[in-house]
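Chemist: could you look at this predicted model? Sequence included:
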Amino acid sequence: MANTDQLIICEHCDCVYEKVTLAKHQKTLCTRCGGVLQRYNGLTVEQRLALTFAALMLWIFANFYPVMSISLKGMKNSATLWDSVLALTLGPITFIALVAAIAMIIAPIFQLLLLIWVLGFALTYRRAPGFKFCMRWLESLRPWSMLEVCLLGAMVAVIKLAGLLDVLPGIGLFALAVLSLMMIRIAGRDIRELWDIV
Amino acid sequence: MSRPPVAGELNLCLCHSCGLACDMTLEPHECERCGAPLHRRKPNSMIRTWAYMITALVFYIPANLLPVMNTEMVGNGADSTIMSGVLEFWEAGAWDIALIIFIASIAVPGIKFVALTLLLVNVQRESRWARKERSALYRFVEVIGYWSMLDVIVVALVASLVKFQALADIEPRLGILFFGLVVVFTMLAAMSFDPRLIWDAKRKEPLNEEVKDAVESH
């Protein structure tokens, strides 16, 4: 079979190009449809692994500390992400609780664990056991991981309730803010480069 | 106008999972590198996109008409729909929040329906009109995809927080289920559409046409 490693196919229009080496902040666009072909990625495996561990810590904070707490006439209440998922399990709408749980909690943690697994082995230029499986799951999980939306939702909820009662953003919200930004950086499409490294 | 060769001409196929350009001479069914199934075009892309989109469109109606949550304040219960939530913010002077919720919950699904229909109809007509712009439109649809989940998350958080028995209580309502389904199905619709179909028009490629024009003008 011919060697096609150095070829890149535009996923939006099927044009074939040769890969090029990019400098900082550079990206290549398809000349026919304008889609992005390659984007510069400055992260080494070590850096990405380090960021992933940091993100894992933040995930723990975001999930075990309340996102916000409210008080009304001396009574206090606080909610974590899991509490908000549980709030959706009432009655006939349970299905949406599952969607919310995947989007806010399950997809991100699986992404992080899979990343740690494959990156940990990639440190020593080895393929992790089940590498193919992990990489394919990382691809499939990405569209369903919605931490950025979750962050904006939490901020809207803070403002929505601030009109009615006293609202205090919790540690969970700050962790969520940083975590959602980190996920964009570490779990993006560029993890496909691992296929070439290991 | 010249263009780079397309995968079909070189007998290659893009693996959607790992991005490898796979050699199709031996007609493999799986990517040799990652094992994901290989398809030159997403299978039944048009029919699946239509089906997912129409399903989403059907759910869009109850999602907007049914209440998404119920607020009980000292014995007075009130149902609110998505639009009434937007209006509440608007009237209270919080136009920025009203705008965010309106864009995420009502405009984004609306734009997706219009954009996907435009893409589907033009592919079916094998139209050559504004192909580059249609490609960009598809990428835009992909990007805005999940932002509609916003309201589901807001309702979930608010409902989990405001639990003060008789004093104040907020509960989610059926509307939010349909709303979430709209988001899931529009995402599935966008994923099953194959943007390469935009460029697959069976009529002559620009290269040939230019040559033809040149011949005719002589």
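Modeler: Done, it's in.

Chemist: ok, how many other residues are close to residue 96?
Modeler: Defaulting to chain A. Look at A:Ile96: counted by other Cβ atoms under 10 Å in any protein chain shown, it has 26 neighbours. Any C-beta I mention is one placed from the backbone N, CA and C, and that applies to glycine too.

Chemist: meant chain B, my bad for not saying
Modeler: B:Asp96, neighbours per other Cβ under 10 Å, totals 10.

Chemist: ok, it to A:Leu151 distance?
Modeler: Distance of B:Asp96 to A:Leu151, given as Cβ to Cβ, to the nearest Å: 16 Å.

Chemist: and A:Arg39, by the same measure?
Modeler: 23 Å.

Chemist: of those two, give the one with the bigger neighbour count.
Modeler: Legend: neighbour count by other Cβ under 10 Å for A:Arg39 and A:Leu151, higher for A:Leu151 (21 against 13).

Chemist: elements contacting whichever strand or helix holds that one?
Modeler: Per DSSP states H and E: A:Leu151 is located in helix A:147-162. Applying 3 or more Cβ pairs under 8 Å, 6 or more residues apart in numbering or on different chains; DSSP states H and E, one finds that helix A:147-162 contacts strand A:68-72, strand A:166-169, helix A:171-186, helix B:95-102, helix B:150-161.

Chemist: for B:Pro37, which residues are in contact?
Modeler: Residues in contact with B:Pro37 (Cβ atoms under 8 Å, 6 or more residues apart in numbering or on different chains) are B:29-31.

Chemist: what's it sitting at in phi/psi?
Modeler: With angles defined as degrees, to the nearest 10, B:Pro37 sits at phi -60, psi 140.

Chemist: then B:Pro28?
Modeler: phi -70, psi 150.

Chemist: count of neighbours near it?
Modeler: Counted with other Cβ under 10 Å, B:Pro28 comes out at 14.

Chemist: does it touch B:Cys22 like I think?
Modeler: Yes - the pair B:Pro28 and B:Cys22 passes the contact test of Cβ atoms under 8 Å, sitting 6.6 Å apart.

Chemist: give me the common contacts of these two.
Modeler: B:Leu38.

Chemist: could you point out the longest helix of chain A?
Modeler: Identified as the longest helix of chain A according to DSSP state H is helix A:45-64.

Chemist: flag every buried residue along it.
Modeler: A:45, A:48-49, A:51-52, A:55-56, A:58-59, A:61-63 (16 or more other Cβ atoms under 10 Å in any protein chain shown).

Chemist: same thing with stretch A:12-32?
Modeler: In stretch A:12-32, counting by 16+ other Cβ under 10 Å, buried: A:12-17, A:28, A:30-32.

Chemist: residues in contact with it?
Modeler: The set of residues external to stretch A:12-32 that reach it, using Cβ under 8 Å, 6+ apart, is A:6-10, A:33, A:35-40, A:42, B:3-8, B:10, B:12, B:14, B:21, B:132, B:135, B:138-139, B:195-196, B:198-199.

Chemist: how long is that stretch from one end to the other?
Modeler: 10 Å (Cα to Cα, to the nearest Å).

Chemist: ditto for stretch A:101-108
Modeler: 10 Å.

Chemist: where does chain B dip in pLDDT?
Modeler: Applying pLDDT under 70 to chain B flags the ranges B:1, B:201-218.

Chemist: residues in contact with whichever residue of it sits closest to chain A?
Modeler: Residue nearest to chain A within chain B: B:Ile153 (3.1 Å; Cβ to the nearest Cβ). Counting by Cβ under 8 Å, 6+ apart, B:Ile153 touches A:84, A:100, A:103-104, A:149-150, A:153-154, A:157.
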